[in-house]
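Asks: Got a predicted model here, sequence first, then my questions.
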Amino acid sequence: MFTVIEPPEHPLFRDTAAFRDDTVRADIDPDRVVAEWVLMYHWLSHDPEMAAVCGFAPEDLSDRAQATRLSELRREVGPFGHTFTVRAAEMQFWVRFSWISADRCSGRQHALQHAVIRHRPEVVTGSGMLRAAVEHADVAMCAVLPPQTTITVLGHATAPGRLGQLFATEQLMRPAGRRREDGTLVGDGGYLDLTTWAELQDAALISPASGYPPGTFDTLPMIAIGRDADLAAGTCPPQSRHLADIPWPQHPDPVDDGCASPAGPFACWPVVPLQTNFALDIAGQRYCVLFSGWYVDEEIVANFLDVARFDWADRVSAAIHGEAELERLQRTDRLNEYRLAQIEIATLRAVRLGFRVARRKLNSLGSSQSGFAKFHERYLADQGRPPPNDTGWTANRIGSRYRYASHTLAHVPQTRGARLVKHRLTFRSLRAGVPLEIVDLAGS
């Protein structure tokens with residue numbers, strides 16, 4: 001009989017619903033561990049290419065080797081639910097499996113063979129985690145056409161009832177956001193509270209961006225909690241931000257309306273979407289994990305135009321329609337659908353051009369949908385069932401309803417194997433006055 005492990009009071013985090021959600025879990029069950037490894041061996045027997053990529057030799061998959069390994073795991077977990085050892089090839093498999101089974105991701109096909117998987121068990125401190133995140137971004141850029149899909153597992157396993165290592169911020173790169181006295185927004189409105197936290201801690205944690213409109217792309221810090229509950233914060237250094245310059249949007253219709261692009265740069269965007277606020281759960285024990293792929297163009301456009309983020313629809317409209325036309329539109333208190341469509345198309349083309357000139361990989365909705373269709377077909381052929389899929393997040397149709405025949409994909413929850421878990425704890429749950437190490441990552 002296995003019970004739920006209640007967490008002790010944490011020195012950094014308050015006892016909130018988020019804290020309990022991230023720590024209160026059922027104890028590790030040896031039957032579950034064995035069942036997951038049986039699933040792994042079954043998968044590898046049906047996918048020799050995956051076995052080779054993960055580093056399994058044929059003798060590792062023999063019946064005798066499998067039986068020996070399952071017995072070892074059962075003894076290691078024991079009757080009290082101890083954490084267990086995950087071998088290097090097994091870690092390779094479970095990391096790839098967790099991404100393959102991430103039901104909200106439409107780019108899972110890249111986890112099958114092409115992802116770079118790294119395990120850094122020696123990284124256990126908050127400062128080490130910050131440096132590992134910067135190094136992860138640099139590794140992701142080591143490709144002919146960067147970035148490449150990269151996953152980094154940090155530290156050792158964390159048992160239920162313990163918090164373990166985590167990042168209290170969600171990405172390597174986030175721009176600051178502030179409100180002026182008149183209530184208007186400068187920078188990214190989605191990160192007003194993190195900007196305030198960083199300014200209260202140390203103004204040096206926010207790194208100003210030169211060459212762009214003041215305040216629009218100031219870089220916010222990452223916040224990491226180490227294995228021994230040490231709290232560290234640091235800002236990604238300029239050489240590892242890997243920004244792509246976005247040119248001023250141009251009017252989508254090829255007409256000469258006498259509207260010249262404004263002086264100065266328009267925008268920039270990081271090319272590595274490095275997620276930091278996830279854990280890798282393998283049969284009940286968890287690891288801190290970093291992963292990155294590449295952006296979808298429409299995602300960046302949405303950030304620029306979203307009224308809760310940069311809210312730049314008027315700025316783009318002024319650039320492509322002219323200030324006089326913008327003033328006329330603003331008097332009506334709305335942008336009509338035709339003008340708004342022009343703003344969206346112009347911004348989308350500018351984002352694509354910026355990444356193309358920088359020779360950085362950028363996905364589109366069409367190619368994402370096509371790649372997911374190929375992944376879906378391979379998974380179905382190999383496993384005899386459709387992959388996990390959350391239709392509220394992924395492209396829930398294969399093909400275009402305007403040009404090609406399409407069919408709806410089923411909603412399939414993940415029920416087996418390792419999974420990526422987004423933790424709920426953020427810097428908002430930190431106790432007031434906890435000691436903070438400010439890490440200079442520029443020399444890392």
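Replies: Alright, I've got the coordinates.
Asks: and Lys422, what are its bridge partners?
Replies: On the basis of DSSP bridges, Lys422 is bridged to Phe278.
Asks: isn't Ala313 right up against Leu340?
Replies: Yes - counting by CB atoms under 8 Å, Ala313 touches Leu340, with 7.1 Å between them. Quick note: C-beta positions are derived from backbone N, CA and C, even for glycine.
Asks: who's more crowded, the two?
Replies: Between Ala313 and Leu340, counting by other CB atoms under 10 Å, Ala313 is the more crowded of the two (19 against 15).
Asks: where does the more buried one sit relative to Pro249, distance-wise?
Replies: 11 Å (CB to CB, to the nearest Å).
Asks: shared neighbours of those two, anything?
Replies: The contact sets of Ala313 and Pro249 overlap at Ile343 (CB atoms under 8 Å, 6 or more residues apart in numbering).
Asks: could you pull out the strands for the stretch 1-150 of the chain?
Replies: Ranges of strands within the stretch 1-150 of the chain are 4-5, 25-26, 116-120, 150-158, based on DSSP state E, counting those that start in this stretch.
Asks: which neighbours does the last one have in its sheet, and in what orientation?
Replies: Right, the one you point to is strand 150-158. In the sheet, strand 150-158 lines up against strand 116-120 (parallel), strand 285-292 (antiparallel) (DSSP bridges).
Asks: do the second one as well
Replies: The pairing partners recorded for strand 25-26 under DSSP bridges are strand 4-5 (antiparallel).
Asks: hang on, Asp27 packs against Thr83?
Replies: No - in this structure, Asp27 is not within contact of Thr83 by CB under 8 Å, at 10.6 Å.
Asks: If the closest residue to Arg118 other than its chain neighbours is in a bridge, with which residues?
Replies: In space, and not counting its chain neighbours, Arg118 is closest to Thr152: 4.6 Å by CB to CB, 6 or more residues apart in numbering. Thr152 has these beta-bridge partners by DSSP bridges: Arg118, Leu290.
Asks: Number of residues surrounding Thr152?
Replies: Look at Thr152: counted by other CB under 10 Å, it has 25 neighbours.
Asks: just Glu377 next, same as before
Replies: Using other CB under 10 Å, Glu377 is surrounded by 12 other residues.
Asks: That one looks like it's in a helix, true?
Replies: Yes - counting by DSSP: H, G, I helix; E, B strand; the rest coil, Glu377 is located in a helix.
Asks: What distance do you get for it to Gln383?
Replies: Counting by CB to CB, the gap from Glu377 to Gln383 is 11 Å.
Asks: same check, this time on Asp311
Replies: Distance of Asp311 to Gln383, computed by CB to CB: 44 Å.
Asks: Quick one: the helices in the stretch 301-444 of the chain, in order.
Replies: Secondary structure of the stretch 301-444 of the chain (DSSP state H, counting those that start in this stretch): helices located at 313-321, 323-331, 337-357, 365-383.
Asks: between those, which gets the lowest average pLDDT?
Replies: The minimum mean pLDDT among the helices of the stretch 301-444 of the chain belongs to helix 323-331 (a mean of 64).
Asks: circling back to that earlier point, between the strands paired with strand 150-158, which one is closest to Ala244.
Replies: Proximity to Ala244 (CB to CB) singles out strand 285-292 among the strands paired with strand 150-158, at 14.8 Å.
Asks: Which parts of the closest one count as buried, going by neighbours?
Replies: Using 16 or more other CB atoms under 10 Å as the test for burial, strand 285-292 gives 285-292.
Asks: pLDDT weak spots in this protein?
Replies: Low-confidence segments of the chain (pLDDT under 70): 1-7, 110-113, 254-260, 323-335, 394-407, 444.
Asks: Can you pull up the most central residue in it?
Replies: Nearest to the geometric centre of the chain sits Gln275, at 2.8 Å (CA atoms, centre = their mean).
Asks: and the gap between it and Ala229?
Replies: 23 Å.
Asks: same question, Val153
Replies: According to CB to CB, Val153 and Ala229 sit 20 Å apart.
Asks: between those two, who's got more neighbours?
Replies: Neighbour count, other CB under 10 Å: between Val153 and Ala229, Val153 has more, with 25 against 15.
Asks: re the thing from before, and the residue nearest to the centre of the chain, what is it in contact with?
Replies: When contacts are taken as CB under 8 Å, 6+ apart, Gln275 is in contact with 170-171, 290-292.
Asks: Turn the helices of the stretch 301-444 of the chain into CSV, columns for distance to Leu194.
Replies: Converted to CSV, the helices of the stretch 301-444 of the chain look like this (distance: least, CB to CB, whole Å):
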stretch, distance to Leu194
helix 313-321, 23
helix 323-331, 31
helix 337-357, 24
helix 365-383, 28
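Asks: Between these, which one is closest to Val296.
Replies: For Val296, the closest of these is helix 365-383, at 5.9 Å, according to CB to CB.
Asks: Can you point out the buried residues in that closest one?
Replies: Within helix 365-383, the residues scored as buried using 16+ other CB under 10 Å are 368-373, 375-376, 379.
Asks: got it, and stretch 53-65?
Replies: Using 16+ other CB under 10 Å as the test for burial, stretch 53-65 gives 53-54, 56, 60-61.
Asks: All good on my end, thank you.
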